[in-house]
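[1] sequence unavailable; structure follows:
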DNA sequence: TGTTTGATGTTATAACATAACAAAATCAAT
DNA sequence: ATTGATTTTGTTATGTTATAACATCAAACA
């Protein structure tokens, strides 16, 4: 990820006045922001132990991930059970993005067209809880 | 699922001249066709043991599910790790559907708008392997 | 008939996730 | 400050989803 994008994201977080509950939350979010690649919970455990010299238990990581999802700071990627930082001021009931099947880089895309489509399909009467469009392929860098 | 829809599906399968490799494949596909509800692998194991008085091992079920996916007879639903029979003559690299979070009923939707959208986003250059739009909500029956 | 090949059976284990309870920190009311 | 309630964090155990690895059996065929 470009540095500017990273900084824009951080400044968004500042604007939103989001506060991390604890150091784990902060550290894990920072790990997910780096490179904008999606990581699994167990990759995070591994990486955390290397970077911060501390072994986290799965439960601890999953608790943090849950909180970060609730705070709309990360998305879960269903394709490979991974998690990625969110860079949009989006409504978080919707995810639209491209996922590289080689490097797990995520490219989030605008949600508007999908919301329109859902409406057009008449599904908006169905008390939609969330909408998830995952497009899997290989990014230009990996090709 | 309506009986006519079920029959149309079965006649499609006949037309496609699909043959099941073994009795498990046939039985499991028939279980997935009933009601057009998505079932997990372990629900299938449970149900299979009740209906057919035979205990399948996970490995056996997953092998069957893999084959059925390859034959384009079923889709995997990422939302809840479940599998559902497919009723369309679709291209199976794309799934577009509504999933009821109460009863797991699946309502497949046309793919064309999503394919257009992918193109519009410029993602079609990325060697797309598959595209998955899952809209989660509560169906009219459950509401 | 013996050998190869593919399908099926079986065991073990990997990968992902949460329940349940313990311990400690926070905080409000006295 | 002390007590008791509440929330947060730590820990153990377990549940859920999925696959690797190898054994066995059966069909095909030289």
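    Noted; the coordinates are in hand. Only a predicted model underlies this, so the values are computations on that prediction, with no experimental measurement involved.

[2] what helix or strand is the most centrally placed residue in chain A on?
    Centroid check for chain A by C-alpha atoms, centre = their mean gives residue A:84 as the closest residue, at 2.7 Å. When elements are defined using DSSP states H and E, residue A:84 is found to belong to strand A:82-85.

[3] show me where chain A has strands.
    Remark: strands of chain A, listed N- to C-terminal, are A:39-40, A:74-77, A:82-85, A:94-100, A:106-108, A:130-137; assignment by DSSP state E.

[4] so which of those strands comes closest to DNA strand C?
    Proximity to DNA strand C, assessed across these by C-beta to the nearest atom of the strand, is greatest for strand A:39-40 (4.3 Å). For the C-beta atoms, the positions are set from N, CA and C on the backbone; glycine is no exception.

[5] OK, contacts around the residue lying farthest from the centre of chain A?
    The centre of chain A is farthest from one residue, residue A:122, which by C-alpha atoms, centre = their mean lies 28.1 Å away. In this structure, residue A:122 makes contact with no residue, judged by C-beta atoms under 8 Å, 6 or more residues apart in numbering or on different chains.

[6] near chain B, which residues of chain A are found?
    If contacts are counted using C-beta under 8 Å from any C-beta of the partner chain, the residues of chain A sitting beside chain B are A:78-79, A:98, A:100-101, A:109, A:113-114, A:117-118, A:120-121, A:123, A:125-140, A:143.

[7] flag every buried residue along stretch A:54-63.
    When burial is assessed from 16 or more other C-beta atoms under 10 Å in any protein chain shown, stretch A:54-63 yields the following buried residues: A:56, A:60-61, A:63.

[8] stretch A:25-35 too?
    In terms of neighbour count (16+ other C-beta under 10 Å), stretch A:25-35 has its buried residues at A:25, A:27-29, A:31-33, A:35.

[9] contact partners for residue A:57?
    For residue A:57, counting by C-beta under 8 Å, 6+ apart, the contacting residues are residue A:45.

[10] and the pLDDT at residue A:91?
    Residue-level confidence at residue A:91 comes out at 69, pLDDT.

[11] so where's chain A uncertain?
    A:1-17, A:89-91 (pLDDT under 70).

[12] please enumerate the helices of it.
    A:3-15, A:23-33, A:41-52, A:58-70, A:112-120 (DSSP state H).

[13] most neighbours per residue, which of those helices?
    Most buried of these by mean neighbour count (mean count of other C-beta atoms under 10 Å in any protein chain shown) is helix A:23-33; its value is a mean of 19.

[14] that one near DNA strand D anywhere?
    Yes - using C-beta under 7 Å from any atom of the strand, we find that helix A:23-33 touches DNA strand D at residue A:24.

[15] other SSEs contacting that helix?
    Helix A:23-33 is packed against helix A:3-15, helix A:41-52, helix A:58-70, strand A:82-85, with contacts defined by 3 or more C-beta pairs under 8 Å, 6 or more residues apart in numbering or on different chains; DSSP states H and E.

[16] change it to 7 Å
    helix A:41-52, helix A:58-70, strand A:82-85 (3 or more C-beta pairs under 7 Å, 6 or more residues apart in numbering or on different chains; DSSP states H and E).

[17] would you mind giving those as TSV with distance to DNA strand C added?
    What follows is the helices and strands packed on helix A:23-33, written out as TSV (distance: least, C-beta to the nearest atom of the strand, whole Å):
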stretch	distance to DNA strand C
helix A:41-52	4
helix A:58-70	4
strand A:82-85	7
